[in-house]
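**Q** Have a look; sequence and predicted model below, questions after that.
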Amino acid sequence: MSQTVSAPPAATRRRRRRLRTLSRRDVVVATLMLGVPLLLDLAFIWVPALASVFLSFTKWTGVGSITMKSCADLPSAPGIPQPGCLYGVQNYHQAFTNYPDFWPAVRHNALWLAVFLLLATPLGMLFAVILDRGIRGSRIYQSTLFLPVMLSLALIGIIWELIYSPNYGLINTLIGHNHNDNLIDWLGNPRLNLWALLVEASWRQAPYVMVLYLAGLKAFDPALREAAVVDGANPWQTFWRVVFPALRPINIVILVVTVIESLRAFDLVYITSNGNPLRGLELLSVAVTQNIVGETQRIGFGSTLGVVLLVISLVPISIFLWQAFRREEQR
Amino acid sequence: MTTTAATTPARTSHPPATPARRPRRVGSVAAQMFMLVMSVLWVTPIVFALYVALRPVEETNKLGYVSLPRHLTLANFANAWTQSDMWRFFLNSVYITVPAVLITLLLASMVAFVVSRLRLRFTIPLLILFTAGNLLPQQVIITPLYRIYLAVHLPDWISGNGLLYNSYAGLIVINISFQLGFCVFVLANYMKTLPTEIDEAALLDGASLWSRYWRLTLPLCRPALAALATLLTTWIYNDFFWAITLISTGNKRPITSALANLQGQFVANHNMIAAAALIAAVPTLVVYVLLQKQFIAGLALGSSKG
């Protein structure tokens, strides 16, 4: 590892002392303990992530190998599969201009994020704040609300289909729209289905945020709140002026979780549409996956959509890393 | 994880002035009402699914789901179990979840031990590498990963078809790699809070690095490991995306992703699909009843940094 690299005198001395305490066998063991997991992480996470970037500049059906030649230089005859070739920014150009699913997908992901940020997450925080005040029965409330967090999204999609069922479902029966002449197709109508899924997703997201936020509130120093109360602040002011600012770290974690969960949204759409594309439910994550399934694979184009997702997700990831590691950097 | 209400001191220290008490009582009644309504709303989908699953499809086709029951029966559960390979899917889930959880915890604790005890120069970049890997949306890496899985050949005794693609091994590996980041992050933070004196004493006694890890540090991490094991088991059991994209053969899929196949198979009988989904939820419901505290403790460890 880094022990052999020369360093400033004080550090060198310390490191030498440390080196003496490690036998050669210890060094081998430490290298393996670090090396094996690192290799796995690199091979299956970071190599594919970087390969995504490279492949996004190629055109490849997955048949044959990738040549390092420009696609324009290769003869293309209809019926004969072209080997992979360099395609420049053509994939990006196609995605932004004439791929019909792209802008709907971006819009839907943005809407997903907006609903999470403005409704589901604040609702979860409200649950947490109420429960943290120790009202009667808070443990029962917490357990009840928490149940969806344990369930898989596939299962959530299935049980909500019963609620939304046009003829038999709970909602249409309650509002009297369960007759064949006035059915509301919550999951099939492209203008409704995303909203229907957002209700399902929020049903799980709100209690997830609740649990995270409760953990933060438990660590909050009650003396601060008491001081605010003594100073005459009402509960609303106490929360926004004292508690919320003091919980900045957990607020950032929740913000990051919210953004990333809305970029990852996939399972609910897949279950609801039985794995087929469904109008109204286009998402970036779904579009990526559609390019690797089926007869004609578009590895280059699929990677391009993946890179778009990567670039967007780097924002919340950087925020999280900055929040989590900045204090140690100063040490 | 004992939870004491944090507000008690604030309430008792403040002499209850008569005008101030009234709004608080009104507030707490409102809070009770709100939480009651929300809790009812929150359990409705699950109770409703259970209710539908307990009724024959012929009856609900006639009366709709929102109607009083003529028959309540477990037939849907029994049929869902016998008319599909459910036991197989459950077994697949066990084959994948158990090794994935154990290996993830082993590897993550090794990384966490090395970075928290040896003070290497690259500690922070290393931790960033692992943590960021876990935060990526899975779809960012799926396209190249899919090609890698089709290109890597395995001996036949590991994978039936000779590829990483469509094999238990492949699914185990990606679950490990993906969850490593989170566990390294949590365990490295946890180990930093452990007192270093014991470790230094062992060092003076000439204990090897491995025994300092295996005999000293790991036992001290038991609470964190238990919480993480609960979280990981639930997450990997609930995984849908990796299994849908990296396993093509229906009967090799673990139960959560097999629900997609069952949905197609039982398409004429939604009551039976609901029953199948509820059967698939049993292991997570067991965790919910018995290990909820562990699960929440795991989430708390991940979100609060020491």
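**A** Thanks, I have it.

**Q** Please count neighbours and contacts with C-alpha atoms only from this point.
**A** Noted.

**Q** Next up, the contacts around residue A:192.
**A** A:186, A:280 (C-alpha atoms under 8 Å, 6 or more residues apart in numbering or on different chains).

**Q** Kindly report the same for residue B:241.
**A** Residue B:241 touches A:266-267, B:138, B:257, counting by C-alpha under 8 Å, 6+ apart.

**Q** Can you give me the neighbour number for residue B:54?
**A** Residue B:54 has 21 neighbours, counted by other C-alpha atoms under 10 Å in any protein chain shown.

**Q** Please report the distance of it from residue A:190.
**A** According to C-alpha to C-alpha, to the nearest Å, residue B:54 stands 32 Å off from residue A:190.

**Q** so who does the residue in the stretch 201-306 of chain B positioned nearest to chain A touch?
**A** Using C-alpha to the nearest C-alpha, residue B:238 is the residue of the stretch 201-306 of chain B that sits closest to chain A, at 4.8 Å. Contacts here follow C-alpha under 8 Å, 6+ apart; on that basis residue B:238 touches A:151-153, B:256.

**Q** and for the longest strand along chain A, what are the contacting residues?
**A** For chain A, the strand with the greatest residue count under DSSP state E is strand A:66-70. When contacts are defined by C-alpha under 8 Å, 6+ apart, strand A:66-70 is touched by residues A:60, A:83-88.

**Q** and residue 290, how many neighbours?
**A** Looking at chain A here, since you left the chain open. 17.

**Q** meant chain B, my bad for not saying
**A** Residue B:290 has 11 nearby residues by other C-alpha under 10 Å.

**Q** re earlier: and the contacts of strand A:66-70 near chain B, which?
**A** Among the contacts of strand A:66-70, none lies close to chain B by the criterion of C-alpha under 8 Å from any C-alpha of the partner chain.

**Q** Can you tell me which of these is nearest residue A:289?
**A** Nearest to residue A:289 among the contacts of strand A:66-70, counting by C-alpha to C-alpha, is residue A:60 at 15.4 Å.

**Q** residues in contact with the closest one?
**A** Residue A:60 neighbours (C-alpha under 8 Å, 6+ apart): A:66, A:82-85, A:297-300.

**Q** what are the phi and psi values for the residue nearest the centre of chain A?
**A** Centroid check for chain A by C-alpha atoms, centre = their mean gives residue A:260 as the closest residue, at 2.7 Å. When quoted as degrees, to the nearest 10, the phi and psi of residue A:260 stand at phi -70, psi -40.

**Q** That one and residue A:293, how far apart?
**A** For residue A:260, the distance to residue A:293 - C-alpha to C-alpha - is 24 Å.

**Q** which phi and psi does residue A:231 have?
**A** Per degrees, to the nearest 10, the backbone of residue A:231 is at phi -70, psi 0.

**Q** how many neighbours does it have?
**A** Neighbour tally, residue A:231, other C-alpha under 10 Å: 10.

**Q** And the one 4 residues further on, by the same measure?
**A** Other residues lying near residue A:235 total 13 when counted by other C-alpha under 10 Å.

**Q** Contact partners for it?
**A** So residue A:235 contacts residue A:229 (C-alpha under 8 Å, 6+ apart).

**Q** and chain B, what are its domains?
**A** As assigned by automatic domain parsing, chain B contains the domains B:23-78, B:85-303.

**Q** Please produce JSON lines containing the ones you listed, extended by mean pLDDT.
**A** Shown next, in JSON lines, are the domains of chain B (pLDDT from 0 to 100):
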{"stretch": "domain B:23-78", "mean pLDDT": "90"}
{"stretch": "domain B:85-303", "mean pLDDT": "92"}
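
**Q** Name the stretch among the ones you listed that sits most buried.
**A** domain B:85-303 (a mean of 20; mean count of other C-alpha atoms under 10 Å in any protein chain shown).

**Q** quick one: which of the contacts of residue B:241 sit in helices?
**A** Counting by DSSP state H, the contacts of residue B:241 place A:267, B:138, B:257 in helices.

**Q** could you dump these to a markdown table with distance to residue B:277?
**A** A markdown table is the format used below for these (distance: C-alpha to C-alpha, whole Å):
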| residue | distance to residue B:277 |
| --- | --- |
| A:267 | 14 |
| B:138 | 24 |
| B:257 | 11 |
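
**Q** wait, what's in contact with the residue nearest to residue A:197 when sequence neighbours are not counted?
**A** The shortest distance from residue A:197 to any non-neighbouring residue, by C-alpha to C-alpha, 6 or more residues apart in numbering or on different chains, is to residue A:268 (7.1 Å). By C-alpha under 8 Å, 6+ apart, the contact list for residue A:268 reads A:153-154, A:156-157, A:197, A:201.

**Q** Stretch A:211-229 vs chain B: in contact?
**A** Yes - counting by C-alpha under 8 Å from any C-alpha, chain B has neighbours in stretch A:211-229: A:211-212, A:215-216, A:218, A:222-223, A:225-226, A:229.

**Q** start to end distance for that stretch?
**A** First-to-last residue span, stretch A:211-229, C-alpha to C-alpha: 25 Å.

**Q** Kindly report the same for stretch A:242-249.
**A** End to end - C-alpha to C-alpha - stretch A:242-249 spans 14 Å.
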